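*Asks:* Based on what follows, work out the 3D shape:
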Amino acid sequence: MKVTLIGYGAMASAIAEGLKDKYELEVIGRDKEKLKNFSEKYGAKYYTFEEANIDNKIVILAVKPYVLDEVAQKLKGKAKLLISILAGKPLKELQKIPAFSYIRAMPNVAAKYAASTTAITGDIDSKELATEILGAIGKVVWVNSDDEIDMATAIIGSGPAFLAIIAEAISDGGVYCGLKRDVSIELTKGLFESFAKLDDDFSQIKNSVMSPKGTTAEGIRTLEEEGVRGKIMKGIINTYEKSKKI
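*Replies:* Numbering: from 1, shown residues only. This next block holds a predicted model:
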């Protein structure tokens, strides 16, 4: 099966890395030099907008949201399926690019390790095909509306940046306590790997570690006093609200 990527940025590259061994790839873009580099790295045929035709193709739209109108004007043909990863661009707006079917998706940068969690919504008839393709880069979760995709964007798309800040703070805390930097980083990465394996409810995980008058209880008390929980929630909410204004 052939998959056409429009765009060659960080997310397009992450998706291509996940798909390259499972699908025949091609890429469309503006800059011929960047297209050549992308082609060499991922084994994709490349076309400029002037050369390209998306007629009856499976297309993944992976450009900046603000260039949607410009890209729509340049593309020729009608896609079989258009999968858009553009934040804040609803299904109705995607119809500027002709296609028989539309899917909105929000993966994250872990796609290059086939470890993304990707939220999708759109035409139910294309759910199975979109799930198959995006399943090559990780787990796929169906949601029911544009609004839920925007909510998911705040967790899935932006979440790695939020977790990076939390991880850095944990690692810095270890260094403050006296650990060498490389050891603290290794322990912090191990913490995230371990946590990802836990299948319990979040509160159950916390309760299983937090014993009466223990060290964890002291740390939790400090985090609650500092309002960490509320600030993280506010970050997610503000990210969601911003996605509605793009």
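
*Asks:* Show me which positions of the helix or strand containing Arg221 end up buried.
*Replies:* Using DSSP states H and E, Arg221 maps to helix 215-225. By neighbour count on 16 or more other CB atoms under 10 Å, the buried set for helix 215-225 is Ile220. Placement of C-beta: from N, CA and C, glycine included.

*Asks:* For Leu68, which non-adjacent residue is spatially closest?
*Replies:* Closest residue in space to Leu68, ignoring its immediate chain neighbours: Lys89 at 5.9 Å, by CB to CB, 6 or more residues apart in numbering.

*Asks:* For the one you found, which three-state class applies?
*Replies:* Classification of Lys89 using DSSP: H, G, I helix; E, B strand; the rest coil returns coil.

*Asks:* what residues are up against Arg104?
*Replies:* With contacts defined as CB atoms under 8 Å, 6 or more residues apart in numbering, Arg104 is in contact with 83-84, 86, 89-91, 94, 120-122, 146, 149.

*Asks:* Which one (most neighbours) among these?
*Replies:* Of all the contacts of Arg104, Ile83 has the most neighbours under the rule other CB atoms under 10 Å, reaching 29 neighbours.

*Asks:* after the helix or strand where it lies, next one along is what?
*Replies:* Taking DSSP H and E as the definition, Ile83 sits inside strand 81-84. Counting by DSSP H and E, the element after strand 81-84 in chain order, helix or strand, is helix 91-94.

*Asks:* immediately after that following helix, which helix or strand?
*Replies:* Once helix 91-94 ends, the next helix or strand along the chain (criterion: DSSP H and E) is strand 102-106.

*Asks:* Just checking: what are the partner strands of that next one?
*Replies:* strand 81-84 (parallel), strand 116-122 (antiparallel) (DSSP bridges).

*Asks:* Would you mind listing the buried residues in that strand?
*Replies:* Quick answer for strand 102-106 (16+ other CB under 10 Å): 102-106.

*Asks:* Show me where the protein has its helices.
*Replies:* 10-19, 32-42, 68-74, 91-94, 127-134, 146-152, 159-177, 181-197, 202-209, 215-225, 228-243 (DSSP state H).

*Asks:* right, so of those helices, which gets closest to Asn56?
*Replies:* Checking the helices of the chain against Asn56 by CB to CB gives helix 127-134 as the closest, at 13.3 Å.

*Asks:* just checking, what packs against that closest one?
*Replies:* Here helix 127-134 touches strand 58-61, strand 81-84, strand 102-106, strand 116-122, strand 138-142, going by 3 or more CB pairs under 8 Å, 6 or more residues apart in numbering; DSSP states H and E.

*Asks:* So for Leu187, which of those strands sits nearest?
*Replies:* strand 116-122 (24.3 Å).

*Asks:* Taking strand 138-142 as reference, get the angle to the closest one.
*Replies:* Here strand 116-122 runs at an angle of 30 degrees relative to strand 138-142 (axes from the mean of the first three to the mean of the last three CA atoms, to 10 degrees).
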